[in-house]
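Student: Predicted model and sequence follow; I will ask about them next.
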Amino acid sequence: MGSTMKTLLGIIAISVVAAGPALAHPALVKATPAAKSAGASPTMISVQFSEGLEAKFSSFDVTSADGHKIATAPVTLDNSKKTLSTTPSSPLTAGSYKVSWHVVASDGHKVEGAYDFTVK
């Protein structure tokens with residue numbers, strides 16, 4: 001293989017490795033209450049991500065098992081902790097709940113997801 005080809009392959013390899021972090025998407029790191037957990041009615045519901053978020057385009061909803069949206073305080077963003085949080089307007093009754101989130105990272109990547117928890 002010629003030196004020009006080796007140089008070109010080296011540049012491509014470095015570009016691919018260097019682009020890795022730039023191509024990352026925000027990932028859910030921690031949820032409170034935790035996914036698939038069962039316990040008392042939470043006083044706060046929060047989701048923490050691996051990257052900073054755009055407040056204007058990032059939020060979540062909490063719904064009951066029958067799909068009704070749960071009343072909560074406005075969702076707030078603490079970007080120093082990369083965390084969205086809210087508090088239920090009243091204690092949650094026993095049953096299953098779903099947290100459905102959608103976020104846009106500071107670099108523009110959009111991701112959404114959901115998880116369930118149970119109140120006993």
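Tutor: Received the coordinates, thanks. Numbering: from 1, shown residues only.

Student: Can you get me a residue count around the residue lying closest to Gly95 once chain neighbours are set aside?
Tutor: Leaving aside its sequence neighbours, Gly95 sits nearest to Ala65 (CB to CB, 6 or more residues apart in numbering; 5.5 Å). C-beta here means a position set from N, CA and C on the backbone, and glycine is covered the same way. The tally of other residues near Ala65 (other CB atoms under 10 Å) stands at 11.

Student: got it, and Leu53?
Tutor: Leu53 has 22 neighbouring residues, counting by other CB under 10 Å.

Student: Name the residues linked to it by a beta bridge.
Tutor: Ala105 (DSSP bridges).

Student: Does it touch Trp101 like I think?
Tutor: No: counting by CB atoms under 8 Å, Leu53 sits too far from Trp101 to count as a contact (10.1 Å).

Student: joint contacts of those two?
Tutor: Residues touching both Leu53 and Trp101 (CB atoms under 8 Å, 6 or more residues apart in numbering): Leu84.

Student: ok so, going back, give me the pLDDT for the residue nearest to Gly95.
Tutor: Note for Ala65: predicted pLDDT of 95.

Student: Now it. Its backbone dihedrals?
Tutor: phi -60, psi -30 (degrees, to the nearest 10).
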